[in-house]
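Q: how would this look folded up:
(chains A, B, C, D, E and F)
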6 protein chains.
Amino acid sequence: MSEQKGYRPRFTGMPTLMRFPWAETFEGLDVALVGVPFDLGVTNRAGARHGPRQVRDFSSMIRKTNHVTMVSPKELCVIADVGDVPIDIFSIEKSLAIIEGFYGELHRTGAMPLSVGGDHLITLPILRGITRHRSVGLVHFDAHCDTEGSYMDNPFHHGTPFWHATTEGLIDPQRTVQIGIRGSLSDADQWAFSREAGMRVIGIEEYFDLGYKGVIAEIRRVVGDGPVYVTFDVDGLDPVYAPGTGTPEAGGFNMFEALHMVRALRGLDVIGADVVEVSPPFDPSGLTAIHAATILFELLCIMVEPWARKSR
Amino acid sequence: MSEQKGYRPRFTGMPTLMRFPWAETFEGLDVALVGVPFDLGVTNRAGARHGPRQVRDFSSMIRKTNHVTMVSPKELCVIADVGDVPIDIFSIEKSLAIIEGFYGELHRTGAMPLSVGGDHLITLPILRGITRHRSVGLVHFDAHCDTEGSYMDNPFHHGTPFWHATTEGLIDPQRTVQIGIRGSLSDADQWAFSREAGMRVIGIEEYFDLGYKGVIAEIRRVVGDGPVYVTFDVDGLDPVYAPGTGTPEAGGFNMFEALHMVRALRGLDVIGADVVEVSPPFDPSGLTAIHAATILFELLCIMVEPWARKSR
Amino acid sequence: MSEQKGYRPRFTGMPTLMRFPWAETFEGLDVALVGVPFDLGVTNRAGARHGPRQVRDFSSMIRKTNHVTMVSPKELCVIADVGDVPIDIFSIEKSLAIIEGFYGELHRTGAMPLSVGGDHLITLPILRGITRHRSVGLVHFDAHCDTEGSYMDNPFHHGTPFWHATTEGLIDPQRTVQIGIRGSLSDADQWAFSREAGMRVIGIEEYFDLGYKGVIAEIRRVVGDGPVYVTFDVDGLDPVYAPGTGTPEAGGFNMFEALHMVRALRGLDVIGADVVEVSPPFDPSGLTAIHAATILFELLCIMVEPWARKSR
Amino acid sequence: MSEQKGYRPRFTGMPTLMRFPWAETFEGLDVALVGVPFDLGVTNRAGARHGPRQVRDFSSMIRKTNHVTMVSPKELCVIADVGDVPIDIFSIEKSLAIIEGFYGELHRTGAMPLSVGGDHLITLPILRGITRHRSVGLVHFDAHCDTEGSYMDNPFHHGTPFWHATTEGLIDPQRTVQIGIRGSLSDADQWAFSREAGMRVIGIEEYFDLGYKGVIAEIRRVVGDGPVYVTFDVDGLDPVYAPGTGTPEAGGFNMFEALHMVRALRGLDVIGADVVEVSPPFDPSGLTAIHAATILFELLCIMVEPWARKSR
Amino acid sequence: MSEQKGYRPRFTGMPTLMRFPWAETFEGLDVALVGVPFDLGVTNRAGARHGPRQVRDFSSMIRKTNHVTMVSPKELCVIADVGDVPIDIFSIEKSLAIIEGFYGELHRTGAMPLSVGGDHLITLPILRGITRHRSVGLVHFDAHCDTEGSYMDNPFHHGTPFWHATTEGLIDPQRTVQIGIRGSLSDADQWAFSREAGMRVIGIEEYFDLGYKGVIAEIRRVVGDGPVYVTFDVDGLDPVYAPGTGTPEAGGFNMFEALHMVRALRGLDVIGADVVEVSPPFDPSGLTAIHAATILFELLCIMVEPWARKSR
Amino acid sequence: MSEQKGYRPRFTGMPTLMRFPWAETFEGLDVALVGVPFDLGVTNRAGARHGPRQVRDFSSMIRKTNHVTMVSPKELCVIADVGDVPIDIFSIEKSLAIIEGFYGELHRTGAMPLSVGGDHLITLPILRGITRHRSVGLVHFDAHCDTEGSYMDNPFHHGTPFWHATTEGLIDPQRTVQIGIRGSLSDADQWAFSREAGMRVIGIEEYFDLGYKGVIAEIRRVVGDGPVYVTFDVDGLDPVYAPGTGTPEAGGFNMFEALHMVRALRGLDVIGADVVEVSPPFDPSGLTAIHAATILFELLCIMVEPWARKSR
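A: The predicted structure follows:
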């Protein structure tokens, strides 16, 4: 055999998330990277079921060290891609139960989940799986509050996860902040639940008045010091950054701001995070997946630091 | 027959503009939504003839209430999609006459038109049809002033509508403001007519110096209280928001600003409006149409309020 | 108003199927064109929910007379586009009931349905709605027999409609012919039901051995003279003709053959027909929809002739 | 300066047609390659104005020798790309006059034209420019006969060139053969002129009955020995080979057959040829342009052989 | 944890080739599926480096049993995806050595390789790695003979593998058959080496004269009973089946024929096979990868049968 | 011949850069526009070899006068497109030598080069060709510093040009400013060379803190009055403005800012400039090429003014 040395350029090999190793088990992991290929909760265009695979592909472009915080996740934590949650492609209810079970098991091993969806409904069973016996804070980037009630007589769709999460006590609305809310409304009171429950809703108009630095201060003020979950719906971004999504809303924030805001959560007690609503069929350029992968990396960087400190 | 209840998700049914009802006649309408599938006026890439159909398709994503002003157009006015103006696909002159006739008839019924093009030349016959016997103010979002003279010996093309409109007394140049002007020039004096006629031209450099809030103040100062027509060429937007257009110009304003500026026209005496130059073949993502539909909705919201007040 | 005459080029106006009139009611129709925007039955890629709308758009290219048979459907029958069946986007079962109800009502008015899907599961409730009290023959173009059993414990998905239709006595397997079957199998006996029930299965290998003219003879031999339903899954076509579909299978028949075979059904007692599995997000060129629209026209032409004769 | 030798891979340099030299003048040329960026004659989708440029780009893939006939055009004739005919983008009539003048001048220098369009109307002024004082035979590959009368009161559109050419005596209908005709008809007698004038119309059904070898025999029988012009509308091809065209018609012949048929014209007295209706905006893959370029090369190969013989 | 059962639909999980297990080692394998992400050998458009990843993605659509031969590879052999060969992205020579070493090592374990490229040059080091001490027969589907000499002074590019393989005694030209050869030539004698060396070259013209069944007979006659390697360049297919490739040539065979021809190699002593020249950036539809994956499955089916017999 | 006057719309004719004349020689030119179709230096996705051709195509949209500075380059200088540098498609080293030789020869004629790539490695041989015997200042727009060392044991790739340029004394690091740097790092010290050598590195975080006007001041402060070269890697732009590039990095500056910054270099002693890393296969919309062309025009405008002054 030749002794010539070989290399592994980024575009080669099995596309695990951010090129982290693949793991068949949760044991020994500090952070588990998970795909949730579920999109039965959408009310308009499907396709987010293909999100995990495309984000895995494009996430090969992510390198090892954060250029601002200089955090290198791999040096601080044991991280692996544990693959996709098995789902039931014909049943919202069964899939919710499966996802909850998967995350419950993951949680019991002590690992933190960083997930890629899938439509936004997946955040509900994730929270059910990892937040039992406590209400956590929520940092929620999105164009929609996702605190609606039933749609077409169905109580579980991608516009409802945080109505359920609040009602079930999984999140603390007083420590919940929703950033980037906009878009025409089905009803004048479509997002009334958010405000009435005590959530801090930063609509896009207020967002631009505060500026992203002002928004960061407000996020940190609202969520405070307790445990917090971060959920990033790519439709919070302006659609030019995320055309591949089911319900784009014109006029959102940009990727620089998104990365800056996520990075500014540094030091919070983040117990898990996700990026959702990447729908590859609607983005011929792949930019949505590149952006989702970059946000995943920023989320990972803020998750590993406190964890590393704790485990020392 | 089954008693099971059915629903009509947004992606179903006939794609009327913003899901308003279809009307065969103008009678009884407060606002008529009109498509003008004409693109013989372009000097470069054709395709805007397909604009009305694609905008209709993507406008299904528009819901009923404005999330900032809380205006619900349907509650204030009788609105319908009256379809496309019949055109002559082989003759600019004949099409101009047909379009003028269509809008003249519409105007006589008392309805206000909100149109989607089509190339920008369509605004000329629209103005001819609805402004007779008065010069109206004009709020004009665009990368180009469109006050050129003949091109290739042809006096009627998409770079000329406001030269004609001024010359014919359809618009009052002193009450005309053009926002977002930019791009390399065919001649140093390509837009001289605008300035010499007394129009307020806000080039993109001045735009960013003023900021969109400063621009809003300037728009309202110029147009004042009289009747005003609003015309929105999607190439005024930065091309990342409207790649599907015939003559994109790098470096424009963004969709948040566009929506904010249109919304800020609230209270003006808007007598009609249009969104033009959507050319589907050049946008594989469909974002241009999504954005055009969203601007149409903002335009509709500012049109219905004063109308509702007047008719009370 | 100008007296200039206007025209209505194909790319203008509301995109009804093949530019037939839009109807709010079934009354008085001989043939009802129907969209069924349902894709919850897919096992792989979703998107067929958007099929009816895209086929409507591209079907504007269809003109009025068949160039081979010289049939002009409009001259023989009253035909209209009755829009989309309302569906339940969250429930297969409820949607099945709604669709069955819709077609049952349509059937009672005496009109024949010509439908565009939607995934192939829709043919089951269509048959339930229109074939009660008799088993009809079936001409079935497809890459798959669609006579599977449950998948992931779900008995109703797009691989099962003809298992149910046979079991429920809606179709007569002895008068059923399936053309174009191919593709790797999940199980060696995946299509055993078809053969055991007595269906005539023409796999693609046999198809090319017989040639399309031989296949036509075989189709006519099997279905004979009784009432027959024709269902055309676009994945029966080679994928280059229908890239926009959920489960493409390499190596199918071409569009010339497809049109020829459909045309050759002339004279049969066709009681209804459909074209299914058009999934626009997977076809950047739009060819799938153009082809689906052309097949719809051929189906329409064979449906109107005997109908016209009967009603005389 | 470095003495390192440089190369010119196919994808580099100015994209002249098939990498032939660029010429500013017609003098000394045996064959002139011409682009005609005109599409005002279309009745549906525009875009063929961009055909010449895209075909130039993709034609870089053409190499120097025909792999079947072993003809190397460059060794037999002086060939150059003379660029695009200047056109009037706002007037069909003026453009017709300009194109006719251009080809007339070209013809007087003794060069043969091989052109790329542009919509099919361009063949009319080309014929006017090069066939004066004689009626030539015509080999016409197309889905449409293009012998219609006025459409929307306009006598000059892309469905009419051969009505005019016959009427004006530019072509001899007895020596005209039209291959691949198909598609639904606007009127039952849409192509009656062709048959009544004596043209040989080979519809696609007959085409497949004869087989491409039978068709070749028929073509040669009809056109005989006199001078002949060859016009190839890419919509004669099945749409999977030419999705980038304005009026695709399902179910045509394939590229192997197209190349074979053109090649079989070897030895005829071909006085000019064209490939038309390439509309880049409707083909995201570029295949239409690749195919058009390959057909151009086959046409060139049959044009240079007799020319070379004559000039010896 | 929930007891709800989960499923793994095709679009989920890590995309290994045809959903076979992933293996870190060659030990115990009968067939090793390998990706070779190398494209430095191209002379025109790059991109085949991304082939293995995209084919992996789309190969999830392959199921377990061949619908014609009823072979289920997994039941006959131990098969795994061993990932991508590490390569040197800056050096053809080093990459050739690395690839040769990789396959040499694989060969020594006794496993047969089934590979996906990468440009066609990869077949040279594969043959070097697995055929030492014997010349094997070659079944070669392609538009090009790939027996050229140097291009731009470089002896190793994707047009040369079989010149080297013959010269090095890796293949026996008398038992080599090349199917589908076509396209304009750089030189009249571009493929002279093939014929002079004794290879059987079936150009596309002869291909269609023989018909695919005649071609099959000829292939089997030429290669006879000895060991044979099968290499499938997707540009052998007509470009409509494989637009995603570097040097498409108009007018090839179709996918039905390709699958039929591969399947007809059943019973030969196939020692390895590959599918090459899939270049994802040039195929917006993904069909090229779907087709490549389907060919891979047919190749696998013919490889496992004799192997299974031998090992019994 | 007809006397009808013809026109040359932008989309017609041979696509030279910005429609400047084509020149076969450098003699007499003040500014030479050059394409460098080389991409062997990429570490990830290839495709920039096709950049020059696509930018030429889209640059037809550039008109003659700068709308802010009112500079009309053609009135001040003799400018021509001299085509593409011949390259060696198989060897980085040979290509570097060829490019250096080409630019050395160009430089000796006294012309200034304005180039379009190609990957960023091309700037090294350009600098070698035009800066001998002096170190020039560098204004470098990019997401990456490109001052890395070897990658996969290769010292010459697109991440290294400015390491070599500094080491070879071609640029003065004290007069070098790098704007827009961002993205995850392969190593914490990936860009250490830049800072240690004394370059002014403006990361994107600092960029947004300073604002583009502050950045302009800083650029002018650093480069001062001496000769300066400007290099613009399109991946410095936010990826929504340049999806067609090999290594996009989320969160960059926008096109308005880019144009403003380039324009603000007015008055500097610019001796040459380039725009690199345009990779057409990854941008289905063509926006990247439109933007690259617009930046080229701004660069040209700042190059011609001082030149015009000097030569007077």
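
Q: Just after the biggest strand by length in chain A, pick out the following helix or strand.
A: Ranked by number of residues, the top strand in chain A under DSSP state E is strand A:171-181. As assigned by DSSP states H and E, the chain's next helix or strand after strand A:171-181 is helix A:192-197.

Q: Can you tell me what sits against that next one?
A: By Cβ atoms under 8 Å, 6 or more residues apart in numbering or on different chains, the surrounding residues in contact with helix A:192-197 are A:145, A:147, A:148, A:149, A:162, A:163, A:166, A:173, A:176, A:178, A:201. (Glycine included, C-beta is placed from N, CA and C.)

Q: just the buried members of those residues?
A: Among the contacts of helix A:192-197, those buried by neighbour count (16 or more other Cβ atoms under 10 Å in any protein chain shown) are A:145, A:147, A:148, A:162, A:163, A:166, A:173, A:176, A:178, A:201.

Q: mind listing which of the contacts of helix A:192-197 are in helices?
A: Among these, the ones falling in helices (DSSP state H) are A:162, A:163, A:166.

Q: quick revisit: which one of the contacts of helix A:192-197 is nearest residue F:158?
A: Distance to residue F:158 across the contacts of helix A:192-197 (Cβ to Cβ) is lowest for residue A:178, with 41.4 Å.

Q: what's near enough to touch that closest one?
A: A:140, A:142, A:145, A:194, A:199, A:200, A:201, A:202.

Q: How about the second one, nearest residue that isn't a chain neighbour?
A: Going back to what we said before, that points to residue A:142. Once flanking residues are discounted, residue A:142 sits nearest to residue A:233: 4.0 Å by Cβ to Cβ, 6 or more residues apart in numbering or on different chains.

Q: do the same with residue A:216
A: Using Cβ to Cβ, 6+ apart, the nearest residue to residue A:216 is residue A:264, at 4.2 Å.

Q: Against which helices or strands is the helix or strand of chain A with the lowest mean pLDDT packed?
A: Ranked by mean pLDDT, DSSP states H and E, the weakest helix or strand in chain A is helix A:287-311, scoring a mean of 92. In terms of contacts (3 or more Cβ pairs under 8 Å, 6 or more residues apart in numbering or on different chains; DSSP states H and E), helix A:287-311 is packed against strand A:31-36, helix A:51-58, helix A:73-76, strand A:112-117, strand A:227-233, helix A:255-263, strand A:269-276.

Q: Would you mind pulling the contact partners of the longest one?
A: Counting contacts by Cβ under 8 Å, 6+ apart, the residues outside helix A:255-263 that touch it are A:66, A:68-69, A:141, A:179, A:212, A:215-216, A:219, A:230, A:232, A:236-237, A:241, A:253, A:291, A:294-295, A:298-299, A:301-302, F:204-205, F:208, F:238-240, F:250-252.

Q: relative to helix A:287-311, how tilted is that helix?
A: Inter-element angle recorded for helix A:255-263 and helix A:287-311: 20 degrees (by axes from the mean of the first three to the mean of the last three Cα atoms, to 10 degrees).

Q: before we move on, back to that, is it possible to get a markdown table of the helices and strands packed on helix A:287-311 that adds mean neighbour count?
A: Putting the helices and strands packed on helix A:287-311 into a markdown table (neighbours: other Cβ atoms under 10 Å in any protein chain shown) gives the following:
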| stretch | mean neighbour count |
| --- | --- |
| strand A:31-36 | 26 |
| helix A:51-58 | 26 |
| helix A:73-76 | 18 |
| strand A:112-117 | 28 |
| strand A:227-233 | 26 |
| helix A:255-263 | 23 |
| strand A:269-276 | 25 |
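
Q: Mean pLDDT for these - can I get that in TSV?
A: What follows is these, written out as TSV (pLDDT from 0 to 100):
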stretch	mean pLDDT
strand A:31-36	98
helix A:51-58	98
helix A:73-76	96
strand A:112-117	98
strand A:227-233	98
helix A:255-263	98
strand A:269-276	97
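
Q: for those, which one sits closest to residue E:284?
A: Per Cβ to Cβ, nearest to residue E:284 of the helices and strands packed on helix A:287-311: helix A:51-58, 14.5 Å.

Q: How far off centre is that closest one?
A: Here the centre of helix A:51-58 is set off from its chain's centre by 14 Å, with Cα atoms, centre = their mean, to the nearest Å.

Q: what does stretch A:116-134 give?
A: Offset of stretch A:116-134 from its chain centre (Cα atoms, centre = their mean): 10 Å.

Q: gap between residue A:232 and residue A:139?
A: 9 Å (Cβ to Cβ, to the nearest Å).

Q: no no, residue A:205
A: Counting by Cβ to Cβ, the separation of residue A:205 from residue A:139 is 20 Å.

Q: Between the two, which is the more surrounded one?
A: More neighbours surround residue A:139 than the other of residue A:205 and residue A:139, with 24 against 17 (other Cβ atoms under 10 Å in any protein chain shown).

Q: That one and chain C, how far apart?
A: Here residue A:139 is placed at a distance of 29 Å from chain C (Cβ to the nearest Cβ, to the nearest Å).

Q: and that residue, helix, strand or coil?
A: Classification of residue A:139 using DSSP: H, G, I helix; E, B strand; the rest coil returns strand.

Q: ok so, going back, who does the longest strand of chain A pair with, and is each partner parallel or antiparallel?
A: Using DSSP bridges, the strands paired with strand A:171-181 in its sheet are strand A:136-141 (parallel), strand A:200-203 (parallel).

Q: right, and these - which one's nearest residue C:98?
A: Closest to residue C:98 of the strands paired with strand A:171-181 is strand A:136-141 (Cβ to Cβ; 34.4 Å).

Q: who does residue A:87 bridge with?
A: Beta-bridge partners, per DSSP bridges, of residue A:87: residue E:7.

Q: quick one on the thing from earlier: how about a markdown table for the strands paired with strand A:171-181, with mean pLDDT added?
A: Listed next are the strands paired with strand A:171-181 as a markdown table, based on pLDDT from 0 to 100:
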| stretch | mean pLDDT |
| --- | --- |
| strand A:136-141 | 98 |
| strand A:200-203 | 98 |
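
Q: for those, which one ends up most surrounded?
A: Ranked by mean neighbour count, those are led by strand A:136-141 with a mean of 26 (mean count of other Cβ atoms under 10 Å in any protein chain shown).

Q: any idea which of the ones in helices among the contacts of helix A:192-197 is the one closest to chain D?
A: Closest approach between the ones in helices among the contacts of helix A:192-197 and chain D, by Cβ to the nearest Cβ: residue A:162, at 38.8 Å.

Q: Show the pLDDT at the closest one.
A: Model confidence at residue A:162, given as pLDDT, is 98.

Q: Output the contacting helices and strands for whichever strand or helix holds residue A:123.
A: If you go by DSSP H and E, residue A:123 is part of helix A:123-130. On a contact count with 3+ Cβ pairs under 8 Å, 6+ apart, helix A:123-130 meets helix A:92-108, strand A:112-117, helix A:161-167, strand A:227-233, strand A:269-276.

Q: What residues sit buried inside the longest one?
A: For helix A:92-108, the neighbour count (16+ other Cβ under 10 Å) marks A:92, A:94-104, A:106-107 as buried.

Q: List the contacts of the closest residue to residue A:113 other than its chain neighbours.
A: Among residues not flanking residue A:113 along the chain, residue A:272 sits closest, at 4.7 Å (Cβ to Cβ, 6+ apart). By Cβ under 8 Å, 6+ apart, the contact list for residue A:272 reads A:112, A:113, A:114, A:115, A:126, A:130, A:229, A:230, A:303.
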